[in-house]
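> A predicted structure for the sequence below; I have some questions about it.
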There are 2 protein chains.
Amino acid sequence: MAVAELTTPTCPKSALRSSHSQQLSYLSARFHSRRHQSFRLPHRARNARISCSVNSQAPPVAVKTEEPKTKQSECFGVFCLTYDLKAEEETKSWKKMINVSVSGAAGMISNHLLFKLASGQVFGPNQPIALKLLGSERSFQALEGVAMELEDSLFPLLREVKIGIDPYEVFQDAEWALLIGAKPRGPGMERADLLDINGQIFAEQGKALNAVASRKVKVIVVGNPCNTNALICLKNAPNIPAKNFHGLTRLDENRAKCQLALKAGVFYDKVSNVTIWGNHSTTQVPDFLNARINGLPVKEVITDHKWLEEEFTEKVQKRGGALIQKWGRSSAASTAVSIVDAIKSLITPTPEGDWFSSGVYTDGNPYGIAEGIVFSMPCRSKGDGDYELVKDVIFDDYLLKKITKTEAELLAEKRCVAHLIGEGVGFCDLPEDTMLPGEM
Amino acid sequence: MAVAELTTPTCPKSALRSSHSQQLSYLSARFHSRRHQSFRLPHRARNARISCSVNSQAPPVAVKTEEPKTKQSECFGVFCLTYDLKAEEETKSWKKMINVSVSGAAGMISNHLLFKLASGQVFGPNQPIALKLLGSERSFQALEGVAMELEDSLFPLLREVKIGIDPYEVFQDAEWALLIGAKPRGPGMERADLLDINGQIFAEQGKALNAVASRKVKVIVVGNPCNTNALICLKNAPNIPAKNFHGLTRLDENRAKCQLALKAGVFYDKVSNVTIWGNHSTTQVPDFLNARINGLPVKEVITDHKWLEEEFTEKVQKRGGALIQKWGRSSAASTAVSIVDAIKSLITPTPEGDWFSSGVYTDGNPYGIAEGIVFSMPCRSKGDGDYELVKDVIFDDYLLKKITKTEAELLAEKRCVAHLIGEGVGFCDLPEDTMLPGEM
């Protein structure tokens, strides 16, 4: 379906908005960068598939009556059935259904994550769930396959599955948006290219969230570069609080805990208060100054400070690459676990005295970190989906120096995507390539 | 390491046993079949890796003192640490650790299953778990990758992970053995070849279970052809009750429920009492005569009996193939879910009036099905890991005819592997190829 056809009156309003924003972001992208000589139309604009029924013969008055049909065509198989959860003994005490939208839903991380979400282990045993799956034209068949496997799994709590390739439809009323899909870096592609290509995806998705998601939506960006993608997303969603956007650094935190446990010779449940500061890249700062083992400062338990300063951070960063070597592909299963951890940290009160890491918007942060970027920092939650930054952390010269470096990188990334966040013309001066290997 | 080296005295007894049984099964395989002109040494015998330390300079007296070292070298990373679960507040109310052994642990089904087992969603929130992962020489690095991802996931209940390629080590004290690993059928390979190749794997694993597993071990065979593999396994484990062995037909049951729900226009939680009779192959019989929807016989709810008789069974059987077409690979995620369902059905009391399907040993069955095979039948459990067959089921001519056909196939498969179950010379007269597509 070509873009022109989207003006056919039988399409719902959201599809029209989508097409419009698509064109805008395409134009701004063209305007921004002379480096992209052969810039092509964004994928969706070329191959857009809108699940409404398009019929140029239909009279304009058909718009409203056709809308319910459009909705129906999005749902999948057994999940298109209607039922009344309040009418039946086993389900009438259930909470109101929540809408969880997942992008990159046909990919490997989602293939682990969706079944966890559907099983009830994330949101609890009396929380019915609707999964809205966003894929691409290319992955649409795989998306149907995922939906079929979800059907075959007979999860009692999974009550709706919708699949689509238009974020304006898939993000409708989303209370959680888990943005996993991103283009992996191709051979010879520079980081600046990746920032631009994925940035456009996240700009569009931010606009879509802004237009159709719940005003309380919590957004977790996993697709890399996730901090800057989260920034682009929140800047394109001005009607949603910036505080609701997260860049996932939880896998880094989990890996840091495991490495500290291994070095100290204790089980990983003894390690707490681990912060990942900054960017989900090789400039990330796993903080061993504030971290604790059995309640004691790590530096008291691990007396090999040379290891802490020179090897620990590298061990955390190189874990993904080591896994690719061993396993032949990136770490989808543990990434999915860390997404579950990130969600649970926001819907469960944080244990007394502990915290968790998340890449969040820096405005108003108490650490003196530059405002206007998404930076991983220590957070606590009351379990209401919101968080507050932890105040009682300490810094030393080593930690501050490292934090300054990752901050500089994120500011450079921000300049690189200025055109995508309404701050003029993008200019890329990224000093070095600091992408983590394999974790798309 | 060549077979001859296995007699080096520093190897533990279990490794010697393994090697011995390997040689026996190799010899019997050679004896059995003239069709296998170019029969090669089984994989393990050629590339066996035993994790004990082999040192031909060591004096024979070193055997016993070396054994503890061997054990230690099997554990992985952070899971090699010691701790006392009874000494700490959070863990002292936990149950005794259970040992779960999984073969094919580097494969995709396991990649979904292991994280479910480790998360506590299968055995419950106060059940610590030890995972013993069986791979092959070829997959050993991937197995390390899986163990690393399990480390990085920080599951509090996961207290041990061991990896290895010798079933005599990996099945030590196993209380659950989930046998997923099997060779997929290569191009041009006949079903008889597959039965023989995989049969040898399951004969060895049966011997290993017999030698080292808990006497109460419950074994779920997933690797195909799973019914006959389960038969081979139980026949090679005479010291473990035959009743403890299962061939997985739960995914078929789940798919059948979903298809009935779709046809009836009800949500899948309204469908109960679905039996898969017989073989996990295209001769399987999804039973719509005894199945119920909203407590009523399916034939009263779905009045399109032509669909039930002519399309329903095919829809269930062809689901796997349809998924491969959509998704490009076989249905690992929903298979893992169905393994979890199968375990939960044995450790949770079956809801009043309902049942579940499992491929179990037919001796003493009340339906008149031939004894001495593994046949999927309706089971109920008190939640103690055991089951009993359901007596109040009805049969009609249609159902009996179908059951007779799948029974004949399983009896033919049994004749095919007679050499692997101590019943003389194998003779294959399989009438047609009835393997289900893609589900290795």
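Yes, it's here. Numbers count the residues shown, from 1 in each chain, chains lettered A, B, ... in the order given.

> grab the nearest non-local neighbour of the residue in the stretch 251-400 of chain A that chain B sits nearest to.
For the stretch 251-400 of chain A, the nearest residue to chain B under the criterion Cβ to the nearest Cβ is A:W327, separated by 3.0 Å. No exception for glycine: its C-beta is placed from N, CA and C like everyone else's. Excluding the flanking residues, the one nearest A:W327 by Cβ to Cβ, 6 or more residues apart in numbering or on different chains is B:G145, at 3.0 Å.

> got the contact list for that neighbour?
A:L323, A:K326, A:W327, A:G328, A:S331, B:A106 (Cβ atoms under 8 Å, 6 or more residues apart in numbering or on different chains).

> mind checking how far it is from A:L323?
Here B:G145 is placed at a distance of 5 Å from A:L323 (Cβ to Cβ, to the nearest Å).

> what of A:R185?
17 Å.

> picking that back up, give me the common contacts of B:G145 and A:L323.
Going by Cβ under 8 Å, 6+ apart, residues that sit against B:G145 and also against A:L323 are A:S331.

> hmm, back to that, report pLDDT for the residue of the stretch 251-400 of chain A closest to chain B.
Looking at A:W327, its pLDDT stands at 82.

> can you confirm A:L131 is in a strand?
Yes. Secondary structure of A:L131 (DSSP: H, G, I helix; E, B strand; the rest coil): part of a strand.

> for the record, mean pLDDT for stretch A:284-298?
Mean pLDDT, stretch A:284-298: 98.

> which other residues reach it?
A:249, A:252-253, A:256, A:260-261, A:264, A:266, A:270-278, A:299, A:301-302, A:308, A:312-313, A:316-317, A:376, A:378, A:393-396, A:398-399, A:402-403, A:406.

> of these, which ones also sit close to chain B?
A:A261, A:V266 (Cβ under 8 Å from any Cβ of the partner chain).

> tally up the residues packed near A:T404, please.
For A:T404, the neighbour count with other Cβ atoms under 10 Å in any protein chain shown is 15.

> all strands of chain A, in order?
A:98-103, A:129-134, A:158-164, A:176-179, A:218-221, A:245-247, A:271-272, A:275-277, A:285-287, A:292-293, A:296-297, A:356-361, A:374-380, A:388-389 (DSSP state E).

> okay, those strands in a markdown table with distance to A:I339 and mean neighbour count next?
Listed next are the strands of chain A as a markdown table, based on distance: least, Cβ to Cβ, whole Å; neighbours: other Cβ atoms under 10 Å in any protein chain shown:
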| stretch | distance to A:I339 | mean neighbour count |
| --- | --- | --- |
| strand A:98-103 | 10 | 25 |
| strand A:129-134 | 14 | 25 |
| strand A:158-164 | 17 | 22 |
| strand A:176-179 | 6 | 29 |
| strand A:218-221 | 6 | 26 |
| strand A:245-247 | 10 | 30 |
| strand A:271-272 | 20 | 21 |
| strand A:275-277 | 15 | 26 |
| strand A:285-287 | 19 | 27 |
| strand A:292-293 | 25 | 22 |
| strand A:296-297 | 30 | 13 |
| strand A:356-361 | 11 | 27 |
| strand A:374-380 | 15 | 25 |
| strand A:388-389 | 21 | 14 |
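
> B:P128 is nearest to which of those?
B:P128 lies closest to strand A:271-272 among the strands of chain A, at 18.3 Å (Cβ to Cβ).

> how distant is that closest one from the center of its chain?
In terms of Cα atoms, centre = their mean, to the nearest Å, the centre of strand A:271-272 is set 25 Å apart from its chain centre.

> spell out which parts of the stretch 1-150 of chain A neighbour chain B.
Counting by Cβ under 8 Å from any Cβ, the stretch 1-150 of chain A sits next to chain B at A:77-78, A:81, A:83, A:90, A:111-112, A:115, A:119, A:121, A:141-142, A:144-146, A:148-150.

> redo that, cut-off 10 Å
Selection of the stretch 1-150 of chain A residues close to chain B by Cβ under 10 Å from any Cβ of the partner chain yields A:77-83, A:85, A:88, A:90-91, A:106, A:108, A:111-112, A:114-116, A:118-121, A:139-150.

> filter those residues down to the buried ones.
Among the residues of the stretch 1-150 of chain A next to chain B, those classed as buried by 16 or more other Cβ atoms under 10 Å in any protein chain shown are A:77-81, A:85, A:91, A:106, A:108, A:111-112, A:114-116, A:118-121, A:139-140, A:142-150.

> what sits against the closest residue to A:V337 other than its chain neighbours?
Leaving aside its chain neighbours, A:V337 sits nearest to B:S153 (4.3 Å; criterion: Cβ to Cβ, 6+ apart). Shown in contact with B:S153 (Cβ atoms under 10 Å, 6 or more residues apart in numbering or on different chains): A:251, A:254-255, A:258, A:268, A:331, A:333-338, A:340-341, B:114-115, B:118-119.
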